[in-house]
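Engineer: next comes the sequence, and after it the predicted model I'd like to discuss.
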Amino acid sequence: MQHSQTHLRSRPISAGHLRAFEAVARHLNFRAAAEEMALTQSAVSRQIQSLEEEVGVALFLRHTRAVELTSAGAQLLLAVQQSLPRIDTAVRQIRQSAGRKSVSLTTFASFASMWLIPRLEAFQRDNPEIDIRIDASDVAVDLEVADVDIALRYGTREVMPPNAVRLFGETLTPVASPWLLKSSPPIKTPADITGFTLIEAGDAHRTHLEWLTWRRWFEVNGLERAQPRRWLYFNYAYQMVQAALTGQGVTLARSSLIAESLANGDLVEVLPQHRMDSPMGYWLIAGPRNALRPEIKAFWDWLQVQAITTRETIGEVPDPDTVDNID
């Protein structure tokens, strides 16, 4: 008997009683929990007793008219309150997507905001039967374990997996809103830019994105000691561009992310002859599972068509060796 109890308490508990535990712990009342769960009070009590036997310690202190959590019960409640909503969300998503075509992708926040989302309506209009789920995060997810079909990544060729397909590269160019330029002294040389507020990523000098900085642009243009009138720092590229759009200064923008803003005149290149090459590129990566599902193939092909348009807009000639299909 002792052996069976030890064995029972060393294995993971069954999850069936956790909802009853959460309800009792939330109400601190068996009757209220039973009413919420549409069960009898004795049924709930038996579930809690079974759970306590599995865990091996008391989870509640029973009083005449109320109960309270033990320290073990409080510890378990914290885990249950975090886990059950996630389980419910996952089940809800599974039920909603059952029988539906869907594509899930991951990318970083600025690319999603500035390049992908503005174009997405066209794909949805032509493919109304395909659901799209976007996970926009600056933390790269592991495609081997994540529930993701496609990744859109930013980096150099050296850090990309062998199956990565290059969408386009980028150059860096100073841009500003046309009405800011109309109300300010003309910018004819790189030195003239120092008379403006310069917009930059706040962490660029401490990360691998050093080549995106104004300091590097000044060095390339022979102005190693240049300092602007003031600095304006942001965390994300889309914030920097938004500040430039509203006339708050000049930003060193990534050409591929602002191509449409330049084309429609919302932003102006202030010194187009002083563009600066970047070693970075934008890459398309297929997840290891379900790569041949028709809906994934459709979205993959659509992304490559959009990339061709971006390359044409920024004047980039693609390397044929880097352009491929998912076939």
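Structural biologist: Thanks, I have it.
Engineer: C-alpha only now, for contacts and for neighbours.
Structural biologist: Fine.
Engineer: please enumerate the helices of this structure.
Structural biologist: According to DSSP state H, the chain carries its helices in the segments 2-10, 18-27, 30-37, 41-55, 71-97, 109-111, 117-126, 178-182, 214-220, 237-245, 259-263, 294-314.
Engineer: can I get those in JSON lines with mean pLDDT and mean neighbour count?
Structural biologist: Formatted as JSON lines, the entries for those read as follows, by pLDDT from 0 to 100; neighbours: other Cα atoms under 10 Å:
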{"stretch": "helix 2-10", "mean pLDDT": "48", "mean neighbour count": "11"}
{"stretch": "helix 18-27", "mean pLDDT": "92", "mean neighbour count": "20"}
{"stretch": "helix 30-37", "mean pLDDT": "90", "mean neighbour count": "18"}
{"stretch": "helix 41-55", "mean pLDDT": "92", "mean neighbour count": "17"}
{"stretch": "helix 71-97", "mean pLDDT": "83", "mean neighbour count": "13"}
{"stretch": "helix 109-111", "mean pLDDT": "91", "mean neighbour count": "19"}
{"stretch": "helix 117-126", "mean pLDDT": "93", "mean neighbour count": "12"}
{"stretch": "helix 178-182", "mean pLDDT": "95", "mean neighbour count": "15"}
{"stretch": "helix 214-220", "mean pLDDT": "93", "mean neighbour count": "17"}
{"stretch": "helix 237-245", "mean pLDDT": "94", "mean neighbour count": "21"}
{"stretch": "helix 259-263", "mean pLDDT": "89", "mean neighbour count": "17"}
{"stretch": "helix 294-314", "mean pLDDT": "92", "mean neighbour count": "17"}
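Engineer: so which of the ones you listed comes closest to Pro190?
Structural biologist: Closest of the helices of the chain to Pro190 is helix 214-220, at 7.6 Å (criterion: Cα to Cα).
Engineer: give me the contacts around the closest one.
Structural biologist: Residues lying outside helix 214-220 but in contact with it, judged by Cα atoms under 8 Å, 6 or more residues apart in numbering, are 190, 200, 210, 224, 226, 252, 276.
Engineer: out of the helices of the chain, flag the one nearest Leu61.
Structural biologist: Between Leu61 and those, the shortest separation by Cα to Cα is 9.5 Å, and it involves helix 71-97.
Engineer: quick revisit: now list the buried members of the contacts of helix 214-220.
Structural biologist: Applying 16 or more other Cα atoms under 10 Å to the contacts of helix 214-220, the neighbour count classes 190, 200, 252, 276 as buried.
Engineer: mind putting those in CSV, distance to Val57 and pLDDT included?
Structural biologist: As requested, the buried ones among the contacts of helix 214-220 are exported to CSV (distance: Cα to Cα, whole Å; pLDDT from 0 to 100):
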residue, distance to Val57, pLDDT
Pro190, 72, 96
Glu200, 56, 92
Leu252, 61, 94
Met276, 66, 92
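Engineer: restricted to strands, list the residues you listed.
Structural biologist: Within the buried ones among the contacts of helix 214-220, residues falling in strands by DSSP state E are 200, 252, 276.
Engineer: give the contact list for the residue lying closest to the second one once chain neighbours are set aside.
Structural biologist: The spatial neighbour of Leu252 that comes closest, neighbours along the chain excluded (Cα to Cα, 6 or more residues apart in numbering), is Pro174 at 4.4 Å. For Pro174, the residues meeting the contact criterion (Cα under 8 Å, 6+ apart) are 250-253, 269-272, 275.
Engineer: re earlier: just send the helices of the chain back as JSON lines, with distance to Asp149 too.
Structural biologist: Written out in JSON lines, the entries for the helices of the chain read as follows (distance: least, Cα to Cα, whole Å):
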{"stretch": "helix 2-10", "distance to Asp149": "38"}
{"stretch": "helix 18-27", "distance to Asp149": "33"}
{"stretch": "helix 30-37", "distance to Asp149": "38"}
{"stretch": "helix 41-55", "distance to Asp149": "39"}
{"stretch": "helix 71-97", "distance to Asp149": "15"}
{"stretch": "helix 109-111", "distance to Asp149": "17"}
{"stretch": "helix 117-126", "distance to Asp149": "17"}
{"stretch": "helix 178-182", "distance to Asp149": "40"}
{"stretch": "helix 214-220", "distance to Asp149": "36"}
{"stretch": "helix 237-245", "distance to Asp149": "25"}
{"stretch": "helix 259-263", "distance to Asp149": "27"}
{"stretch": "helix 294-314", "distance to Asp149": "7"}
